[in-house]
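> Next one to model:
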Amino acid sequence: ADVWSTPQTALCDDVGRFEKLVLLEDGSRPARTATKIGHDHFSRTISRLLRSKCPLGPTPVSVHRQPAGTGLPAHTDNVNFLLTCHLGLVVPPGVCEFLIGEEARRWREGRLLVADTSFVHATRNDAASDRFVLHFTVWHPDVSAAEREGIVRLHDVLRGLEEET
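All right, here's what the predicted structure looks like:
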């Protein structure tokens, strides 16, 4: 069975051949949300991420694959209470860029790229092979513990409503 999935989102019209491999369904609740693939094949990765004490956000932790010669068009995630993190796993030589506003940032293997994706951003991989990053979110440092708790509770209610429909 193919363990890669194409993200479904109304925030970006064309995800093309972009795919993700979900390790944790919710980074803020790792004990309850590890996927089978995450548990069976990425337990050391998950363990190291948790030991880092990063304030993981309530979004999936996943490996993102962007095929050679593709990109994501400009879009926003419409969320300003989280910061998006990409750890370069496999970054081929050539132009692999994360574009935010007018700034182009290049992924680098073993390096962390952090961005506020509430701003318009896009990606491109003009290299000859696929680009892989570990993707996760962390809470924006200006969000209080009480605000975090309220956001998580609201998301729980919204998920419950989605499951009912």
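> Quickly note the distance from Ile4 to Val63.
I think there's a mix-up here, since residue 4 is Trp and not Ile. 9 Å (Cβ to Cβ, to the nearest Å). C-beta here means a position set from N, CA and C on the backbone, and glycine is covered the same way.
> Give me the common contacts of these two.
Lys20, Leu21 (Cβ atoms under 8 Å, 6 or more residues apart in numbering).
> pLDDT below threshold where in the protein?
1-2, 7-16, 165 (pLDDT under 70).
> Trp4 and Val63: which is more packed in?
A direct count of neighbours by other Cβ atoms under 10 Å for Trp4 and Val63 places Val63 higher, at 22 against 14.
> gap between the lengthiest helix in the chain and the chain center?
Criterion DSSP state H: the longest helix present in the chain is helix 145-164. Centre-to-centre, helix 145-164 and its host chain are 19 Å apart (Cα atoms, centre = their mean, to the nearest Å).
> can you check stretch 152-165 too?
Here stretch 152-165 is found 20 Å from its chain centre; the criterion is Cα atoms, centre = their mean.
> what residues does that stretch touch?
Ser28, Pro58.
> send the alpha carbons of it over as PDB?
What follows is stretch 152-165, C-alpha atoms only, in PDB (Å, rounded to 0.1, in the frame of the first residue of the first chain):
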ATOM      1  CA  VAL A 152      -6.700  23.100  20.800                       C
ATOM      2  CA  ARG A 153     -10.200  22.800  22.400                       C
ATOM      3  CA  LEU A 154     -11.700  24.700  19.400                       C
ATOM      4  CA  HIS A 155      -9.900  22.500  17.000                       C
ATOM      5  CA  ASP A 156     -11.300  19.400  18.800                       C
ATOM      6  CA  VAL A 157     -14.800  20.700  18.500                       C
ATOM      7  CA  LEU A 158     -14.300  21.500  14.800                       C
ATOM      8  CA  ARG A 159     -12.800  18.000  14.100                       C
ATOM      9  CA  GLY A 160     -15.800  16.500  15.800                       C
ATOM     10  CA  LEU A 161     -18.200  18.500  13.600                       C
ATOM     11  CA  GLU A 162     -16.300  17.400  10.500                       C
ATOM     12  CA  GLU A 163     -16.500  13.700  11.500                       C
ATOM     13  CA  GLU A 164     -20.300  14.100  11.900                       C
ATOM     14  CA  THR A 165     -20.800  15.300   8.300                       C
END
